[in-house]
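Engineer: Model the following, please.
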Amino acid sequence: MASTFGHLFRITTWGESHGPAVGVVIDGCPPGIALAEADVQAELDRRRPGQSRITTQRAESDRAEILSGIFEGATTGTAIHILVRNKDARSRDYGEMRTMYRPSHADYTYDAKFGRRDWRGGGRASARETIGRVAAGAIAAKVLRERCGAEVVSYVKRVQDIEAAVAPGEVTRAAVEAHITRCPDPEAAAAMEQYIDAARKAGDSLGGVVEAAAHGVPPGLGEPVFDKLDADLAKAMLSLPACRGFEIGSGFAGTRMTGSTHNDPFYMAEVEPGARRVRTRSNRSGGVQGGISNGEQIVIRAAFKPTATILRPQQTVDAAGNEVTLKPRGRHDPCVLPRAVPLVDAMFNLVLADHLLRHEAQTGGNR
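Structural biologist: Have a look, this model is predicted:
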């Protein structure tokens, strides 16, 4: 099973939803990066369950334990091992799933591939696996800030048909965290909260879109032909549970434009007294051209489907091929979008950190 992501900044996540613990091993983190458990915990707190009435009520504190790779408050350059113990797994809620396949879940496909599966909460297919990604993403974010000043801000852009009226360059982390939906548009956030709460009460679920922007990314990151920066970002986002679509820059909307209106014209900009560099007057490319960052803000969008587990009877089959009615139990998010925001942040940071280190290795840190 492919549980490893990245090349130079490389992570391996491990653990199951209802096992004793989950976590991550991080290889390739440069030495000398200031790091404490509190840095990781801040991001895990954004991802953890039970944050509000519109998220799953599984009661997990998700406390990070850094077991290796840190000495005297900084990274050593060796492998960093982070563990988070599971405390509130209720495997009895999944008894029916031992033999039944939940619609739109990985139950059947895991059986088809491995011939067996961990039916307790989905095992490795559970979104609880993403704890390791978020922990590693917190460290990747520190690497980016220290080495190039780059920062990623992700937020809920749309839930079902309610869309935030914000532009990527205008959104701050404080605005994202100001509402339980993690939508920075107060009016849209209030409407989203009502929609999600109504779906929860009806035993149903909703989907939507997370938008993210990376600021301060230097030009030159990306490894054509097959490891293009945008291709790796797409793989990263589509590897997240429930993610079903990816766009960068103009995305699919660009197909409705002509070349003359879609192209981003170049010009020489004075970035500081006596220093000039190439800029683009528009950013329909989303900060990446030819698979390489161009120094503009990198803007992506990730689409998430409605949560597959809903508290309504559904028709399915069991492992013996009998048609049955499934009556799910358990604690699930009626909409994954609010808790998907830190996941998108993490994967975005992991890709950028990996490509930054690859670029530095090729150029010696110089262009």
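
Engineer: Checking residue 244 next. Helix, strand or coil?
Structural biologist: Assigned with DSSP: H, G, I helix; E, B strand; the rest coil, residue 244 falls in the strand class.

Engineer: what's the closest non-adjacent residue to it?
Structural biologist: residue 305 (4.8 Å; C-beta to C-beta, 6 or more residues apart in numbering). Using the backbone N, CA and C atoms, a C-beta is placed for each residue, glycine as well.

Engineer: Please tell me how far the one you found sits from residue 103.
Structural biologist: 12 Å (C-beta to C-beta, to the nearest Å).

Engineer: do residue 276 as well
Structural biologist: Distance from residue 276 to residue 103, by C-beta to C-beta: 57 Å.

Engineer: now residue 157
Structural biologist: From residue 157 to residue 103 the distance is 27 Å (C-beta to C-beta).

Engineer: go on, residue 271?
Structural biologist: 53 Å.

Engineer: More neighbours: these two, which one.
Structural biologist: Set side by side, residue 271 and residue 103 show more neighbours around residue 103, with 16 against 11, by other C-beta atoms under 10 Å.

Engineer: show me what contacts the more buried one?
Structural biologist: 308, 314, 315, 316, 326 (C-beta atoms under 8 Å, 6 or more residues apart in numbering).

Engineer: and these, which two are the farthest apart?
Structural biologist: Greatest spatial distance among those (C-beta to C-beta): 308 and 315, at 14.2 Å.

Engineer: all helices of the stretch 1-150 of the chain, in order?
Structural biologist: 37-47, 107-114, 130-147 (DSSP state H, counting those that start in this stretch).

Engineer: how about the ones you listed, which one is nearest residue 196?
Structural biologist: Going by C-beta to C-beta, the one of these nearest residue 196 is helix 37-47, 17.2 Å.

Engineer: before we move on, the earlier item: would you mind finding the most buried of the helices of the stretch 1-150 of the chain?
Structural biologist: Sort the helices of the stretch 1-150 of the chain by mean neighbour count, taking mean count of other C-beta atoms under 10 Å, and helix 130-147 sits at the top with a mean of 24.

Engineer: Three-state assignment for the nearest residue to residue 133 once chain neighbours are set aside, please.
Structural biologist: Among residues not flanking residue 133 along the chain, residue 346 sits closest, at 4.9 Å (C-beta to C-beta, 6+ apart). Recorded secondary structure, residue 346: helix (three-state DSSP).

Engineer: Same check on the one 4 residues further on?
Structural biologist: State at residue 350, reduced to three classes by three-state DSSP: helix.

Engineer: surely it meets residue 139?
Structural biologist: No - if you go by C-beta atoms under 8 Å, residue 350 and residue 139 don't touch, sitting 9.1 Å apart.

Engineer: how about the residue of the chain most remote from its centre, phi and psi?
Structural biologist: Ranked by distance from the centre of the chain (C-alpha atoms, centre = their mean), the top residue is residue 274, with 39.0 Å. Taking degrees, to the nearest 10, you get phi 80, psi 0 for the backbone angles of residue 274.

Engineer: What of residue 295?
Structural biologist: phi 90, psi -10.

Engineer: Same question for the one 5 residues further on.
Structural biologist: Backbone torsions of residue 300, given as degrees, to the nearest 10, read phi -130, psi 160.

Engineer: Need the pLDDT of it.
Structural biologist: Residue 300 is assigned 98 on the pLDDT scale.

Engineer: And for residue 88?
Structural biologist: For residue 88, the model assigns a pLDDT of 62.

Engineer: for the one 3 residues further on, same thing?
Structural biologist: Listed pLDDT for residue 91 reads 54.

Engineer: Contacts only, for residue 46.
Structural biologist: 134, 177, 339, 341, 342.

Engineer: now residue 248
Structural biologist: 230, 233, 234, 286, 287, 288, 298, 299, 300, 301.

Engineer: Quick check: helices, which of those residues are part of them?
Structural biologist: If you go by DSSP state H, the contacts of residue 248 have 230, 233, 234 in helices.

Engineer: nearest to residue 224, of these?
Structural biologist: residue 230 (10.6 Å).

Engineer: Go ahead and confirm that closest one touches residue 286.
Structural biologist: Yes - in this structure residue 230 lies within contact range of residue 286 using C-beta under 8 Å: 7.5 Å.

Engineer: quick revisit: top of the ones in helices among the contacts of residue 248 by neighbour count?
Structural biologist: Going by other C-beta under 10 Å, residue 233 tops the ones in helices among the contacts of residue 248 with 26 neighbours.

Engineer: isn't that one right up against residue 246?
Structural biologist: Yes - using C-beta under 8 Å, residue 233 is in contact with residue 246, at 7.4 Å.

Engineer: Pull up the overlap in contacts between the two.
Structural biologist: Common neighbours of residue 233 and residue 246 (C-beta under 8 Å, 6+ apart) are residue 300.

Engineer: Turn the helices of the stretch 1-150 of the chain into TSV, including distance to residue 97 and mean pLDDT.
Structural biologist: Shown next, in TSV, are these (distance: least, C-beta to C-beta, whole Å; pLDDT from 0 to 100):
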stretch	distance to residue 97	mean pLDDT
helix 37-47	24	95
helix 107-114	7	92
helix 130-147	20	97
